[in-house]
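K.L.:
quick one, structure for this:
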Amino acid sequence: MRRDNLARRIDPPGPGVPVDPTQLAATAPAARPELARVYTALVLVQLFFGALPIAVKVALRELSSPALALIRVAGAALLFHVLHRALVRERIRGPRDYALLALYAVFGVILNQLLYITALTLTTATAAQTLVTAGPAITLLIAIVLRKESATPLKWLGIAVAGLGALWLVGVGARTGNALGNLLALLNVAAYSVYLVISRGLLRKYDALTVITWVFTFGAIGMVPWGIVPLSRQIGHLSPTTWAVLAFIIVLPTVGAYWLNVYALKRVESSVVSVFVYMQPAITAVIAIPTLHETVSARLIPAAVLIFAGVGITVWEGRRERLRRGGAPSPAEQEMVEA
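P.N.:
Numbering: from 1, shown residues only. Next up is the predicted model:
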């Protein structure tokens, strides 16, 4: 069984084994110049993700949401196959695993992309990206419901606080006409959270690049019925600006961010990586205000604070429990580094 997948890169020794927090990263603690490179990589990831909703909104001026989703997923699948062939060349072992990967694609790619991109046609980039940061709390809730994660009072508190912030933000949208878009963004986060919870078994069996390559492949196949007709009508009328934006969406926030996250996770703890996620809504707002002429509602700020606080509580409690017991990073922590 392969030992080089993403989940194993950041796993501690195992249940019942005393855990040294400094050993949670895959390698020895990085030296200062190496840490500078890691932090640079993590800042780039947040810049890519923070700019993603703005790029999507620009592309949506000439593409429908199903057409854009198909281009993003198919383009990323192609690049992941190139990387997989060059670096891993691992085969899927058995039809059952192919079926599981197809199921993961429904939640992790098809629903995730259709809901996210459609949400951006109905709400602001800043609101959508703020809701994305609620993912770890939603992931934890789903993991508890499916009995993949133990419940504690602090975890429930974190879920409640983040949930209150998310509902507040949806309510803010009702005042501005963006409620449906905010709700779709929240459902997008829930779909991806389901994917993270149910996919951990194969992530322990295969290299992470193998899993993500096939999830995107099945996702692209599943997107064809939704996106091929509008794409065939619109692709011949795209401007050079839109093509450039599409290249950015595929190469940097999709494939590039994945690669930089893996680079960082090999050198520092997942908890360090997760802290940087909170930069995304601020980056989105800074870019969206001058480029899309968005305004940040004063009501959005307390909602964001509640979401950040709730997520912080859930991830802190999950990490404390993991260090005490020994074991793999929780789905909530995983979402923080994949957000």
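K.L.:
what mean pLDDT does stretch 207-226 get?
P.N.:
Taken as a whole, stretch 207-226 carries a mean pLDDT of 96.
K.L.:
what residues of that stretch count as buried?
P.N.:
207-223, 226 (16 or more other Cβ atoms under 10 Å). In short, each C-beta sits where N, CA and C put it, glycine included.
K.L.:
now do the strands in this protein.
P.N.:
In the chain, no strands are defined using DSSP state E.
K.L.:
apart from its neighbours in sequence, what residue is nearest residue 59?
P.N.:
Among residues not flanking residue 59 along the chain, residue 245 sits closest, at 4.9 Å (Cβ to Cβ, 6 or more residues apart in numbering).
K.L.:
for residue 42, same thing?
P.N.:
residue 276 (4.5 Å).
K.L.:
check residue 157 too.
P.N.:
residue 313 (5.9 Å).
K.L.:
count of neighbours near the one you found?
P.N.:
20 (other Cβ atoms under 10 Å).
K.L.:
what is the mean pLDDT for stretch 135-150?
P.N.:
86.
K.L.:
again, but for stretch 323-332
P.N.:
pLDDT averaged over stretch 323-332 gives 62.
K.L.:
right, and the residue nearest to residue 42 touches residue 44 too?
P.N.:
No. Assessed by Cβ atoms under 8 Å, residue 276 is found out of contact with residue 44, at 10.0 Å.
K.L.:
who's more crowded, those two?
P.N.:
residue 276 (21 against 16).
K.L.:
okay, the more buried one: pLDDT?
P.N.:
pLDDT, residue 276: 82.
K.L.:
pLDDT weak spots in the stretch 101-250 of the chain?
P.N.:
Applying pLDDT under 70 to the stretch 101-250 of the chain flags residues 172-177.
K.L.:
any idea how far residue 41 is from residue 311?
P.N.:
22 Å (Cβ to Cβ, to the nearest Å).
K.L.:
so the two - more neighbours on which side?
P.N.:
A direct count of neighbours by other Cβ under 10 Å for residue 41 and residue 311 places residue 311 higher, at 30 against 20.
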